[in-house]
Each structure stands twice: as structure tokens, then as C-alpha cells.
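A.B. asks: Sequence and predicted structure, then a few things I'm wondering about:
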Amino acid sequence: MNKLNFLQPDKNNFNTYLYTGVILVALSIFIVFLNSFFNKDIISFLPGSISFFLPLILGFIGLHLIRIDYSGLKFLDAINKNINTNNFNAFLSLLIVFVVIKSLPPLLSWFILDANIAGDSKDVCTGTGACWTYIKIWFNRFMYGMYPNAEQWRINLSFIALAFLGTIGFFATEKFKKYLTLYYVAVYPVIAFFFIFFFISGGPIFFDFSYGIIAAVISIIIGFFIPSKFKMYYFIIVPITLYILLKYVFFYEELIELGKLESLEWVETGAWGGLSLTFIVSFFCLIFCFPIGLFLSLGRRSDFPIIKYFSIGMIEFWRGVPLITVLFMSSVMFPMFLPEDMFIDKLVRVIIAISLFEAAYVAEVIRGGLQALPRGQYDAAKSLGMGYWKMHILVILPQALKLVIPGIANTFLALVKDTPLIFVVGLLEIVGMLNLAKTNPEWLGFAMEGYVFASVLFFIICYAMSKYSYNLEQKYKTER
Amino acid sequence: MSDKIIQITEMNKWFGDFQVLKNINLEVEKNKKIVVCGPSGSGKSTLIRCINRLEEHQQGSIIVDGNELTEDTKDIEKIRAEVGMVFQQFNLFPHLSILDNCTLAPIWVKKMPKKNAEELALQHLEKVQIADQASKYPGQLSGGQQQRCAIARALCMEPKIMLFDEPTSALDPEMIKEVLDAMVNLAKAGMTMIVVTHEMGFAKEVADEVIFMDEGMIVERAETKEFFAHPKSDRTKLFLSQIL
């Protein structure tokens, strides 16, 4: 038997209970509020331990009194149904409310009331709160790293342009809707690459890699006219020959000079940094790791032993090593295996390393989705005469990928939060810049502000991604 | 010779050490309707899954429409496109609408223009009387409607042979009839059909011949009337007495 049962309200004394309860709850919250915000303890005349627990006890009794079933008052019913279902929940709710009230003033004072943002040196930060001046002064560095100040408009312009091009999907008319996937998968990354290479980096139009691109494009175009019998050999021989011809027969050095955009100063990737580098690394890793992971997951289920064991090997290897060692290897060991005249940029190596690393995780997530599909789907697709690729592209993957959107989003969020690790190869994205800034002798002692700032930025990015993935889930939801 | 559309000779199949099909010899002529019956585990489903090579056989030969099914048949997809199949669990593609389910294979496998494929699909959906559901998704349809859609989907490839793998076993009793009606109409239109089913009423109505299988062997094969009136083997008699 509940000893408090005699306090249960009935129709006759409904209002008495309601008002008494509300007053008690309000009183308890008021006491904590005064204590917390104005440092006034109005019940200090009571012995210490009682005055500490009194608000809890008052509120608890009050909540018990207003726990009236089917009171007819909407708000009261909502409270009773959600936070005041029984004594234990009432107690927990009160506790949470008190903790929030208690912790608000110190947070407010640190973040806003006692914080400084004026001025431009450490000296203005005399208060007990945060020193946002520090963030303000270093803001440029946190955003752009060591990128020369005069050239930062290039990053801004590129990102604004890319952001605009990225939102094109929302404005597309019905007629262009069907090309959107192609645009986002194939065209947009290339545009992004060119923006970053030519504009942010100020690279030459003819670089080592571009011969590969030109060779590939030319051979694909000619490839349409080659009978399918010889295609296999054609696509092995011709692109390589073209590449060699382009590189060694034409005058390489002269073309490089020719291709440079005159007015843009070359900024090497070592100088890139801050949030913009976080974006660049995350963006390309996300784009590359997904298809690689997709092929690995399909390869792991393949009937061909070579493909199968290659995929298993790749997945297990990349999953089995820590990212930090992978990054280290990519910067120290990898160049040793390259021919002496061949140079691959540090940033490119890092992006490849992270992509492969995350691809292994993506592969296993997608494999989970593939295994969740009933065998009948494969049977049905096969019985309609579809081959391996048609079956997977038209029937299997659309269903499997839909199932694994949450898992993929999980992996992608982890990827974004893994990017700070690139400090081991000397690339300083936002957290790297923070670590650099906090050791600056002029600005010692402001690590907290920096990390809070970075946390907020990362939270915004990750929350946006998670929201987006949830939207995708809703969009592609169909009944089974 | 030419009107024998399926020829199976001396076919054996194992699942690991277990022999599911033993020494199967079967010839099916064009436009014949064959019903395969038998107790569960007798290899009926495996047999018809072998005909479009959803299962591989290890010994003997299967010739479908003049093409032998072997390990290195590169045209296996072509044969599958000529052999329609309807499954016990429907196996519709849940991420596509009914119409898209029907047009997917004609468009991508047969390279049919989208317009023609849609017209064709609507024709077949009309035949099985679910044309009004064309824009819905499989999850929104009843079992009977889903199975009829599956039949229409297979027909859209304009197959020469239709295989039915217990098409009514997963259905509620009141929906069995609508599916059987669709199959009867199909049979009357002259399609070559091999049907694995326990619906003896359907067998009596449309089948030219009935095959009885047990323990991976074809125990008996006879004209429909003969099969039900004078079953020869004891095993068949027992089975019929249990099922009828």
C-alpha cells in the first residue's frame, strides 16, 4: 500500500489539490532559482541538510498532489503523462530541472556575462569568463590556416561557389531532375576538384595528373567505336600509350608554364589549414570512400576467389590498423616506394589514406544491408534475365543502401571527426590550428575557449549531416 | 523434336552430400500445361528452379528452347528472359511501384522504349485485373494482388515458358481463387506452363499432364484424367488420398 494514498484527490477537492500542488512546485523552483541566480538562500534559517533537500521535498509533494488522472486540463494531463507518471519519474524530473537551473548561471556568466570580446590583445581578458577576443584575433587562422591573408578571398569565393552549385538540386526543374544523381556523383566532385586545384591552390592547368585525365577521356570517346570483342585489350593498351605520348613526346615543362593562371599565386597545400581544410579533406574522403566501400562490399560477396580474397584482405587490413599509423605511413613510408621523380602531394596522400581507411568501414556497413535482403530478390531479378550488374544496380543496391543510411551516416560522422588526426603529417586543420595557437606565448591559457569553439563548429557540421541523413531515410521510406 | 521446348535427360543434383534430384527425365512440349505435385521436400521446386538455372545441376542435360544449360552458357540471361517465373513469396521489388516492377526488366534487359514497356505492362496488368493499382507500391497491396502483379511482371518479358513455384501457398484462402483465375486465363491463352502446386482443383481444370514426385524422383507421369482416376503407384494413391 502506498502510504500517500490518502492524499489522492477526488472530484470534490480537485481545486484544493491542484492549487496546493502548483504552489508547492512553484515555491520549490523559486527557491532554487533565487539560490542559483541571486545567491540568496531564503531558507537558510533551517538546519543545513534540511535546507539543502527542502526544495526537492516540496516539489515532490507538489507533483504528487497534481498527479490527477483525466483532469480535463490539457497542460496538466500532458505533464502527468510525460514527466509525472509516478513518484520516481517526478523525482527525476525535479532533479533535472534543478540541475539545469543550477548550472545555467555559471554557463551564462562564462559564455556571455563575464566574457570579453572587445580589444585585440590578451590584456582585455580580465574577467572570469571566456576570452572571445582570442577567437576573434585568431579567427582567420582557425578558418584558413597559414593561407596568406591577401589570398583568402580565393577560398571564400570557391566555397561560396561550391555551396551554390551544391544546392542546385533544390532549384532544378522536373526536366533536369533525372540528371541530378549524375551531376552530384560525377560532375560536382570534378568541379569541386578544379575549383580547389586551380583556384585555392593556384595550380597549373597541365599537371602530371591531367595527362591521365586527357588520355582517359580520349580513349573513352574512341572506345564507343571499338567492337566489344577487343574492348578489353583496347582499354588496357590505349590509355597508357596516350599517357606516355602526352607526357614525353609533347613538351611537358612548357605546357606547365602555359597553363598557369597568371595572376594567381601558388599556395602549397602545407599552408592550407583551419576549417577550410577540414571541409576539403572531409568532402573528398566522403566522395571517395563511398564507391570504394561499395565495390569492396560487393567484392567480398563475389564468386571469384581472387576478387573475394582481395576484398576481404583490404577490408580486414584497413579495419585492423589505427588511422594515425595509416596517416603516418602515407607521409613517411609511401614516398619511399615511389620513383624518385614522382611526387604526390601530402594532402592527396592523406585523402587517399583516409578514404581507404573509411571505405573498409563503409564496406562492412553496406554488406550488412546486402545480407538483410531476402534471397528471393536475387532470384526474382535473375529470373527476369538481369545480369550481375543490372541486378545489383536496379534491384539490390537501391534496397540495401536504403537500409544502411543510418550506418553510413554514422561512418561519415566518424570520418569528419577523424580529420583532426591529419596533424601527424603536419597538416593543421581547425583542431591542429587550435593546438598551435594555444602554445603561442602571447596567448597562453586560452585552450578552453578554442576547444569550445571547435566543438561548437563540429557539432553544427555533424548535426547538419545527421539531420540530412534522417531526411534521406524519410524520403526513401517505402513499406515492405 | 521441334515442339519439345524443354528436354531434361538423366539429370542429377546434389545439395552437398544430399541428392535432391535423382535421374530426372522430362520432356515438355510447346503449349502443354504440366502440374508437378508431391509431398514437401520431394524436389519439385528444385526441379523447376533448375529449368531457368536458379539452381545448377551437376549431371545430365537440360535443354530449354534448343539451348543447353551448361556451366559456360554465356546466354543464360537470354534463356532466363524467355522463361518467366512466379515465386511462392511473390518477390516483388518493394522499392518500385507496381508499374515500375513490370517495366524494369523490359526496359533494361530487352531495351524496350519506356513508352512501349509501360503500354505492355498496363496490358498485362489489365489481364490480371490490377491495372488500377499500377501506381501503388507492393507493400500497399494484398497478397493476392501482389501475386497477380508478379505474374504480370513475368509476362511483360513475353516469355515462352512460365514456371510457377507454389504460387498460392503463401496466400490467405480467400485470395487463392483470384490468382488461380489469372493462371487459368493464362493457360487458356496457350502459354506453356509448369506449375508446382497443391491445388488439385486447378490441376484437374487446366493441366494436360500431372507429374508426381517423391524423394527426388519422378514417380508417375500421366494424363490428368488418368492420373486422378487410376493412379498407378501406391505412393501416388496414398498422396492423393491425403490431399483430396
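C.D. replies: Thanks, I have the structure now.

A.B. asks: make it CA atoms for all contacts and neighbour counts henceforth
C.D. replies: Will do.

A.B. asks: Was I right to think residue B:164 contacts residue B:86?
C.D. replies: Yes - with contacts counted by Cα atoms under 8 Å, residue B:164 reaches residue B:86, the gap being 4.8 Å.

A.B. asks: Tell me which of the two has more neighbours.
C.D. replies: residue B:86 (26 against 23; other Cα atoms under 10 Å in any protein chain shown).

A.B. asks: which residues sit in contact with the more buried one?
C.D. replies: B:147, B:150, B:151, B:154, B:162, B:163, B:164, B:165, B:167 (Cα atoms under 8 Å, 6 or more residues apart in numbering or on different chains).

A.B. asks: Secondary structure element holding residue B:212?
C.D. replies: Using DSSP states H and E, residue B:212 sits within strand B:209-214.

A.B. asks: contacting residues around that strand?
C.D. replies: So strand B:209-214 is contacted by B:32-39, B:41-44, B:203, B:218-224, B:227, B:236 (Cα under 8 Å, 6+ apart).

A.B. asks: and with 6 Å instead?
C.D. replies: B:34, B:35, B:36, B:37, B:38, B:42, B:219, B:220, B:221, B:222, B:223, B:224 (Cα atoms under 6 Å, 6 or more residues apart in numbering or on different chains).

A.B. asks: Now the buried members of the residues you listed.
C.D. replies: B:34, B:35, B:36, B:37, B:38, B:42, B:219, B:220, B:221, B:222, B:224 (16 or more other Cα atoms under 10 Å in any protein chain shown).

A.B. asks: before we move on, the earlier item: pLDDT on the helix or strand following the strand holding residue B:212, on average?
C.D. replies: Later in the chain than strand B:209-214, the nearest helix or strand by DSSP H and E is strand B:217-223. Mean per-residue pLDDT for strand B:217-223: 92.

A.B. asks: Residues in contact with the next helix or strand after strand B:217-223: which ones?
C.D. replies: For strand B:217-223, the succeeding helix or strand toward the C-terminus, using DSSP H and E, is helix B:224-229. With contact meaning Cα under 6 Å, 6+ apart, helix B:224-229 is reached by B:208, B:209, B:210.

A.B. asks: Would you quantify the distance from residue A:405 to residue A:324?
C.D. replies: 27 Å (Cα to Cα, to the nearest Å).

A.B. asks: Between the two, which is the more surrounded one?
C.D. replies: residue A:405 (19 against 16).

A.B. asks: quick one: contacts for the closest residue to chain B within chain A?
C.D. replies: Closest approach between chain A and chain B, counting by Cα to the nearest Cα: residue A:385, at 4.4 Å. Residues near residue A:385 by Cα under 6 Å, 6+ apart: B:77, B:80, B:81.

A.B. asks: How about residue A:282: what's its closest non-neighbour residue?
C.D. replies: For residue A:282, ignoring the flanking residues on the chain, the nearest one in space by Cα to Cα, 6 or more residues apart in numbering or on different chains is residue A:416 at 5.6 Å.

A.B. asks: residues making contact with the host helix or strand of residue A:415?
C.D. replies: Taking DSSP H and E as the definition, one finds residue A:415 inside helix A:405-418. Helix A:405-418 is contacted by residues residue A:282 when judged by Cα under 6 Å, 6+ apart.

A.B. asks: What residues of it count as buried?
C.D. replies: Buried residues in helix A:405-418 (16+ other Cα under 10 Å): A:405-413, A:415-418.

A.B. asks: measure the residue of chain B most remote from its centre to residue B:4 for me?
C.D. replies: In chain B, the residue that sits farthest from the middle, by Cα atoms, centre = their mean, is residue B:115; the gap is 27.9 Å. Distance, residue B:115 to residue B:4, using Cα to Cα: 35 Å.

A.B. asks: helix/strand/coil for the closest residue to residue A:477 other than its chain neighbours?
C.D. replies: The shortest distance from residue A:477 to any non-neighbouring residue, by Cα to Cα, 6+ apart, is to residue A:402 (7.9 Å). On the three-state scheme (DSSP: H, G, I helix; E, B strand; the rest coil), residue A:402 is labelled helix.

A.B. asks: ok, residue A:402 - how many residues close by?
C.D. replies: Other residues near residue A:402 number 20, with proximity taken as other Cα under 10 Å.

A.B. asks: Output the longest helix belonging to the chain.
C.D. replies: I went with chain A, as the question did not name one. Across chain A, the longest stretch assigned as helix under DSSP state H is helix A:447-475.

A.B. asks: oops, I was thinking of chain B
C.D. replies: Determined from DSSP H, the single longest helix within chain B is helix B:173-188.

A.B. asks: in that one, what counts as buried?
C.D. replies: Buried residues in helix B:173-188 (16+ other Cα under 10 Å): B:175, B:176, B:178, B:179, B:180, B:182, B:183, B:184, B:186, B:187.

A.B. asks: Residues in contact with that helix: which ones?
C.D. replies: In contact with helix B:173-188 (Cα under 6 Å, 6+ apart) are residues B:128, B:144, B:148, B:168.

A.B. asks: which SSE is the second one in?
C.D. replies: Translated: residue B:144. helix B:143-155.

A.B. asks: for chain A, what are the nearby residues on chain B?
C.D. replies: Contact residues, chain B versus chain A (Cα under 6 Å from any Cα of the partner chain): B:77, B:80, B:81, B:91, B:94, B:139.
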